[in-house]
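K.L.:
need a structure here:
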Amino acid sequence: MQIRCTQAGHQNQQIIGFCIDSTCPNQRPYCNFCLPLHSEHLEMLTSIELLFEWIQNGILRIKNVEKNVQEFKVALDSLNNMFLPYLNFDIQQFPQLEGSQIDKLIEDLCKMEDCEKNLFKQLKQSIEQGKLIVNEIVKKIQNQFSLEQNDGIFKPNLKPFTYEQIKDNSIKYDDDCYAIAYNKDCQIVALGCNKQIKIYEFKQGILELLQVLNEHSKWVTTLYFMKKSNELISGDGDGYIKIWSRNNNNQWNCSQTIKAHNDCIRCLIMNNNEDIFISSSDDNTIKFWNKLKEWMCQQTITDHTFYVFQLSLNDQQNKVISCGLDKQILIIEYSEYNKKWIVIQNINVECHGYRICFINNNQFIFQPIQGNKMHVYEMNSVNKQFTKTKDIIINECNGNQGGLFSLQFIKSKQLLVNKYDNCVNLMRKAQNEEFIVEQSIQFGNYCIYGQMSDDGEYLITWDKSSKEIQIRKYQEK
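P.N.:
Residues are numbered from 1 along each chain as shown. Sure thing, here's the model as predicted:
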């Protein structure tokens, strides 16, 4: 997204973010020269990369309001239907009624009278209060936006696409490369190459080596670039997590080493505020880490009984899902009351899977190791439990999946990235909520590791067959 600032005297500077403070009187798109105008609410400035997610969450809130309104309307309609026989009753017909009919009429009206004394009065007060709230909402937002005018503005581009390999930019590498991560502006890429972390400059699809980090004693399995700071988190096959900071000379140094788990780190994710990261391991545990002066473990979940593979956070950042070798999916929710993460649901599955990913607050996808289907789980609005609602058909598989290549959902492109057997499937979420396989990239072996950039522009992979770090770029057809 290339937008230039229109403020006088700002020299046509490039827009670097947007202000989401509802009371801000200034121009919302801001450049570097605009920052003093937003000095009183800097915490309400969001980057271009995170704006789409913020808008998506806002649309989701509107959908939730609409859903609640519809549920209330259904309840009122049900109540209204019960009144219809009495609303249509002709009092002139009373002398013609039989005794049993009169008895039934009296009984029903007595029940209504009982409700009138208390419940109907409460309902009337609630409806009057609801009308006041609705009128205030309408007044607040009237003339500020129109759903008809905005229709289509926030929808991602759904044109057909393909990811084309930039063959001249491939790098031959014989050792295993399990982990790949991009920094916030996609200009730095870190690769976990056996025990080393290789830091590359990444420009126009070209990787140029900047630095090699050699402090891990076992293979590097996970990497995560923080978006709000110049820090990188890495995990290895021996259960160690290291925090790396970049100094003024653009050199990366280890600032903290943590013996986090008793076995291989399988997954490492972070919340949007970047004050919590969550790790899973072959020691059967999930750990939540908070930063005080240093990163410290605040809580451990021990409900899994075997290796814990992928983790995923929902949009609201209050639920974590996990899948493990014990054929369990855990739904873990943060309790504001207890200030702890609590397992609120345990889903037993027929066979284990390595990959799981939230699509939004109410839907996630799980990839079992057997068969040619991905499972879609959705949350029931009444009991708040997740249940499997449908399947997504993909390519056949021999069951040789392999781990560490996480399932990814790129919101800006409504794109699901799923490694399955010897293929990387790229699926588009259509407007009818179905997932359609747009491209299936085949490799010569199931040992494939990779990561899509947050904006969906690049896919970088390493596979055991070609033994190449391959770069693919998004192209619209």
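K.L.:
Which pLDDT does the model give the closest residue in space to P368 that isn't next to it in sequence?
P.N.:
Closest residue to P368 apart from its sequence neighbours, by Cβ to Cβ, 6 or more residues apart in numbering: G353 at 4.4 Å. (Each C-beta comes from the backbone N, C-alpha and C, glycine too.) pLDDT for G353: 89.
K.L.:
Kindly report the same for N398.
P.N.:
pLDDT, N398: 62.
K.L.:
What segments of the stretch 1-150 of the chain are helices?
P.N.:
48-87, 99-117, 119-141, 147-150 (DSSP state H, counting those that start in this stretch).
K.L.:
Number of residues surrounding N230?
P.N.:
Applying other Cβ atoms under 10 Å, we find 15 other residues in the vicinity of N230.
K.L.:
Kindly report the same for M379.
P.N.:
Using other Cβ under 10 Å: M379 sits among 20 other residues.
K.L.:
before we move on, what about I258?
P.N.:
Residues lying near I258 (other Cβ under 10 Å) number 19.
K.L.:
re the thing from before, kindly reformat the helices of the stretch 1-150 of the chain as CSV containing mean pLDDT and mean neighbour count.
P.N.:
As requested, those are arranged in CSV below (pLDDT from 0 to 100; neighbours: other Cβ atoms under 10 Å):
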stretch, mean pLDDT, mean neighbour count
helix 48-87, 80, 12
helix 99-117, 80, 11
helix 119-141, 78, 10
helix 147-150, 40, 8
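K.L.:
closest one to I436 among those helices?
P.N.:
helix 48-87 (20.0 Å; Cβ to Cβ).
K.L.:
Who are the packing partners of that closest one?
P.N.:
Packing contacts for helix 48-87, counted by 3 or more Cβ pairs under 8 Å, 6 or more residues apart in numbering; DSSP states H and E, involve strand 17-19, helix 99-117.
K.L.:
between the ones you listed, which gets nearest to K390?
P.N.:
K390 lies closest, by Cβ to Cβ, to one member of the helices and strands packed on helix 48-87: strand 17-19, at 35.7 Å.
K.L.:
Can you list the helices and strands that the closest one packs against?
P.N.:
By 3+ Cβ pairs under 8 Å, 6+ apart, strand 17-19 packs against strand 29-30, strand 45-47, helix 48-87.
K.L.:
Take those and lay them out in TSV including distance to C19.
P.N.:
Output for the helices and strands packed on strand 17-19, formatted as TSV (distance: least, Cβ to Cβ, whole Å):
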stretch	distance to C19
strand 29-30	6
strand 45-47	6
helix 48-87	10
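K.L.:
Can you say which of these is nearest to N214?
P.N.:
Closest to N214 of the helices and strands packed on strand 17-19 is helix 48-87 (Cβ to Cβ; 30.7 Å).
K.L.:
Tell me how far G17 lies from Y446.
P.N.:
Counting by Cβ to Cβ, to the nearest Å, the separation of G17 from Y446 is 41 Å.
K.L.:
Could you pull out the strands in the stretch 101-250 of the chain for me?
P.N.:
161-165, 171-172, 177-182, 188-193, 196-203, 206-213, 220-225, 231-236, 240-246 (DSSP state E, counting those that start in this stretch).
K.L.:
what's the closest of those strands to D315?
P.N.:
It's strand 220-225; of these, that one is closest to D315 (Cβ to Cβ) at 18.4 Å.
K.L.:
Run the chain-centre distance for the closest one.
P.N.:
Centroid displacement of strand 220-225 relative to its chain, using Cα atoms, centre = their mean, to the nearest Å, is 19 Å.
K.L.:
Contacts for that strand next, please.
P.N.:
178-184, 188, 190-197, 231-237, 264-270, 277, 279, 404 (Cβ atoms under 8 Å, 6 or more residues apart in numbering).
K.L.:
how about that strand as CSV, C-alpha atoms only?
P.N.:
Provided in CSV are the C-alpha atoms of strand 220-225 (Å, rounded to 0.1, in the frame of the first residue of the first chain):
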residue,chain,number,x,y,z
VAL,A,220,16.7,-24.3,15.6
THR,A,221,13.0,-25.2,15.4
THR,A,222,11.1,-22.0,15.8
LEU,A,223,11.7,-18.3,15.0
TYR,A,224,9.5,-15.2,15.7
PHE,A,225,10.3,-11.6,14.9
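K.L.:
quick one on the thing from earlier: mean neighbour count, mean pLDDT and distance to K429 added to the strands of the stretch 101-250 of the chain, as JSON lines?
P.N.:
Output for these, formatted as JSON lines (neighbours: other Cβ atoms under 10 Å; pLDDT from 0 to 100; distance: least, Cβ to Cβ, whole Å):
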{"stretch": "strand 161-165", "mean neighbour count": "16", "mean pLDDT": "93", "distance to K429": "13"}
{"stretch": "strand 171-172", "mean neighbour count": "13", "mean pLDDT": "92", "distance to K429": "32"}
{"stretch": "strand 177-182", "mean neighbour count": "24", "mean pLDDT": "94", "distance to K429": "22"}
{"stretch": "strand 188-193", "mean neighbour count": "24", "mean pLDDT": "95", "distance to K429": "26"}
{"stretch": "strand 196-203", "mean neighbour count": "19", "mean pLDDT": "94", "distance to K429": "27"}
{"stretch": "strand 206-213", "mean neighbour count": "14", "mean pLDDT": "95", "distance to K429": "30"}
{"stretch": "strand 220-225", "mean neighbour count": "23", "mean pLDDT": "96", "distance to K429": "24"}
{"stretch": "strand 231-236", "mean neighbour count": "24", "mean pLDDT": "96", "distance to K429": "29"}
{"stretch": "strand 240-246", "mean neighbour count": "20", "mean pLDDT": "95", "distance to K429": "33"}
